[in-house]
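J.: after the sequence you'll find the predicted model.
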Amino acid sequence: DPEMPVVNFQDAGVIRCKVCRTYVNAFVQWLDGGSRWLCNICGRSNNVPAPYYSPLDTAAQRQDRDLRPELIHSTYEIQAPAEYTVRPPQQPVFFFVLDVSAAAVQSGFLSIAASTILESLDSLPRRITHRSRLHHLRFSRVFFSHSIHPSKPPNNTSSLIFEDIFYACARL
C-alpha cells in the first residue's frame, strides 16, 4: 500500500472553504487566473492566499498541480501548524460495524471481516495507546455495541428495536 501523502501548506495556512470548511481538493475549480477557487461542496468562491497562488494552464488547471498531493489524490493528510490547533489532539477512536446475521456467518463474510480488522489493527496510522478507544457495533435483528477502553470496564449495550439504536449508541 502506498503511503498517504502529507501536505504542509506552510505560510499559506490550511486552505479551506470559508462557508462549509471543506479542504482544498482535487475536485475544486480554479477561477480568475488561479487567484480564486470554487468549492466543490457548497459552490462558494474563495480567495487563494498569496503563498499558495499558482497561475493556470490552458485547461484552467494550476501549473503546479502535479507537485501538489492535495490536488491529485482523493485523500491526503494535513500537517497542521501549531496555531491551527487550540487544544491537544483528541484520543483516537476506532469504530467497526459488523453484520453478525446468520447469512453473514454462513457466507463467511463475518469471518473475513473479523480477520481483516484484526490484521489491520497493527497498521493503523495511530497505534492503539492508553488514550485510544475501540468500539464495535454488531447487528443482525438486534444491535449489540461494545466499547473497549484500557482504563475503564467494558461497556455493553443491546437494542432489540431498530429505533432504539440511537439510544444505544448515545450510551457509549
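T.: Perfect, thanks for sending it.

J.: who's in contact with the residue nearest in space to the middle of the chain?
T.: For the chain, the residue sitting closest to the mean C-alpha position, by C-alpha atoms, centre = their mean, is Thr75 at 8.6 Å. Neighbour list for Thr75: Met4 [criterion: C-beta atoms under 8 Å, 6 or more residues apart in numbering]. (Glycine included, C-beta is placed from N, CA and C.)

J.: tell me the pLDDT of it.
T.: As predicted, Thr75 sits at a pLDDT of 88.

J.: could you do the one 4 residues further on as well?
T.: Gln79 is assigned 88 on the pLDDT scale.

J.: could you check how far it is from Pro92?
T.: Look at Gln79 and Pro92: by C-beta to C-beta, to the nearest Å, they are 17 Å apart.

J.: more crowded one of those two?
T.: Pro92 (15 against 11; other C-beta atoms under 10 Å).

J.: and for Asn8, the neighbour number?
T.: Counted with other C-beta under 10 Å, residues neighbouring Asn8 total 11.

J.: list the contacts of the closest residue to it other than its chain neighbours.
T.: Computed as C-beta to C-beta, 6 or more residues apart in numbering, the closest residue to Asn8 that is not its neighbour in sequence is Gln79, at 4.3 Å. Counting by C-beta under 8 Å, 6+ apart, Gln79 touches 6-8.

J.: between the residues you listed, which sits nearest Val100?
T.: Using C-beta to C-beta, Val6 is the member of these that sits closest to Val100, with 36.8 Å.
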